[in-house]
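**Q** Provided below for reference: sequence and predicted model.
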Amino acid sequence: MDEAITHLKVPMDHEERAVCLGPDGSVGHVGRVFRMLSGRWKLAILFRLFAAPSMRSSQLLRDMPGISQKMLTQHLRELEGDGLVERQDFGEQPPHVEYRLTRAGSSLMPVLLAVREYSRDHLTV
């Protein structure tokens with residue numbers, strides 16, 4: 001019989017439980033990442049930027065039919081604020097701005113790809 005993975009279990013001791021379930025525990029950290037990814041278009045933006053080294057917002061708009069300029073700008077700002085995307089302004093006229101994944105954004109991609117595989121492996125009909 002397989003051994004139980006004890007480090008993944010929630011401790012029963014009240015003090016240890018707070019460390020696991022508190023804001024600095026596993027639940028807090030995973031919840032923070034989920035909040036960073038919440039938003040209808042954020043995953044699509046991240047996957048597009050993963051596929052291309054950098055993109056202008058007009059390219060992102062073309063690649064994601066249905067998203068408005070306002071929503072794209074809002075999500076890009078939130079992703080930038082969370083440190084997943086960086087904005088590079090070339091200081092030109094007309095404005096030339098490109099977006100790319102940061103190191104943190106790039107390091108999140110294997111996790112998202114693993115979630116994709118989990119979804120593929122656990123399809124329900």
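**A** Nice, I can see it.
**Q** I'd like the domain boundaries of the protein, if you could list them.
**A** 11-39, 41-125 (automatic domain parsing).
**Q** got those as TSV, with mean neighbour count columns?
**A** From N, CA and C alone the C-beta is placed, and that goes for glycine too. Listed next are the domains of the chain as TSV, based on neighbours: other CB atoms under 10 Å:
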stretch	mean neighbour count
domain 11-39	12
domain 41-125	14
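**Q** Now mean pLDDT too, for those, in CSV please.
**A** Formatted as CSV, those follow (pLDDT from 0 to 100):
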stretch, mean pLDDT
domain 11-39, 78
domain 41-125, 94
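**Q** how far away is the residue nearest to Arg40 when sequence neighbours are not counted from Ala44?
**A** Of all residues beyond its chain neighbours, the one nearest Arg40 is Met71 (7.6 Å), with distances taken as CB to CB, 6 or more residues apart in numbering. Applying CB to CB, to the nearest Å, the value for Met71 to Ala44 is 11 Å.
**Q** Then Ser57?
**A** From Ser57 to Ala44 the distance is 13 Å (CB to CB).
**Q** Just the CA trace of the helix or strand containing the residue nearest to Arg40, in PDB.
**A** If you go by DSSP states H and E, Met71 is part of helix 69-81. The C-alpha coordinates for helix 69-81 follow below in PDB (Å, rounded to 0.1, in the frame of the first residue of the first chain):
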ATOM      1  CA  GLN A  69      -9.600  47.500 -25.800                       C
ATOM      2  CA  LYS A  70     -10.700  48.600 -22.300                       C
ATOM      3  CA  MET A  71     -10.700  45.000 -20.900                       C
ATOM      4  CA  LEU A  72      -7.400  44.200 -22.500                       C
ATOM      5  CA  THR A  73      -5.800  47.300 -21.000                       C
ATOM      6  CA  GLN A  74      -7.300  46.600 -17.600                       C
ATOM      7  CA  HIS A  75      -6.100  43.000 -17.600                       C
ATOM      8  CA  LEU A  76      -2.600  43.900 -18.900                       C
ATOM      9  CA  ARG A  77      -2.300  46.500 -16.100                       C
ATOM     10  CA  GLU A  78      -3.400  44.000 -13.500                       C
ATOM     11  CA  LEU A  79      -1.000  41.400 -14.800                       C
ATOM     12  CA  GLU A  80       1.700  44.000 -14.800                       C
ATOM     13  CA  GLY A  81       0.900  45.000 -11.200                       C
END
